[in-house]
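J.: Give me the fold of what follows.
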Amino acid sequence: MANFIKVCKTSEVRAGCGKSIDINGKLVAVFNVDGNFYAINDTCGHRGGPLGEGELDGKTVICPWHGWRYDVTTGANELVPDFPTEKYQVRVEQDDVLVEI
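T.: I've put the predicted structure just below:
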């Protein structure tokens with residue numbers, strides 16, 4: 001059975017932006033792409049940069065440390081396809097964003 005955890009309010013993640021969130025010791029990045037919410041592992045696979053603090057270009061987040069690029073809708077790594085990051089299921093209930101952990 002899925003375990004969805006409320007992580008933030010929709011108003012806390014503006015369109016075109018991300019947010020780093022610590023969920024019981026698991027670092028997750030939540031993104032708002034045109035009103036749709038997505039969640040991936042917050043830690044870049046290159047050097048551990050915080051993806052939630054990266055610049056969002058459409059549905060691609062750019063790591064603020066060294067520029068690695070991830071598709072926030074799938075977790076795919078655009079520079080090193082064999083090195084994706086974990087993607088989490090997201091639900092929005094009223095104005096709450098919930099992530100499956």
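J.: quick one: residue 23 from residue 69, how far?
T.: From residue 23 over to residue 69 the distance is 24 Å, taken as Cβ to Cβ, to the nearest Å. Every C-beta, even on glycine, is put in place using the N, C-alpha and C of the backbone.
J.: Spell out which helix or strand contains residue 6, please.
T.: Per DSSP states H and E: residue 6 is located in strand 4-9.
J.: following that strand, which helix or strand shows up next?
T.: Toward the C-terminal end, the helix or strand that comes next after strand 4-9 (DSSP H and E) is strand 17-23.
J.: Which residues outside that next one are in contact with it?
T.: The list of residues contacting strand 17-23 from outside it, by Cβ atoms under 8 Å, 6 or more residues apart in numbering, reads 5, 7-8, 12-13, 27-32, 42, 50-54, 56, 61, 72, 99, 101.
J.: Centre of the chain to that strand, how far?
T.: For strand 17-23, the distance from its own C-alpha centre to the chain's C-alpha centre is 7 Å (Cα atoms, centre = their mean, to the nearest Å).
J.: about what we covered before: mean confidence for the strand holding residue 6?
T.: Per-residue pLDDT values over strand 4-9 give a mean of 97.
J.: Can you tell me the strand partners of it and which way each runs?
T.: strand 96-100 (antiparallel) (DSSP bridges).
J.: mind listing the strands for the protein?
T.: 4-9, 17-23, 26-33, 36-41, 55-57, 60-62, 69-71, 87-88, 90-93, 96-100 (DSSP state E).
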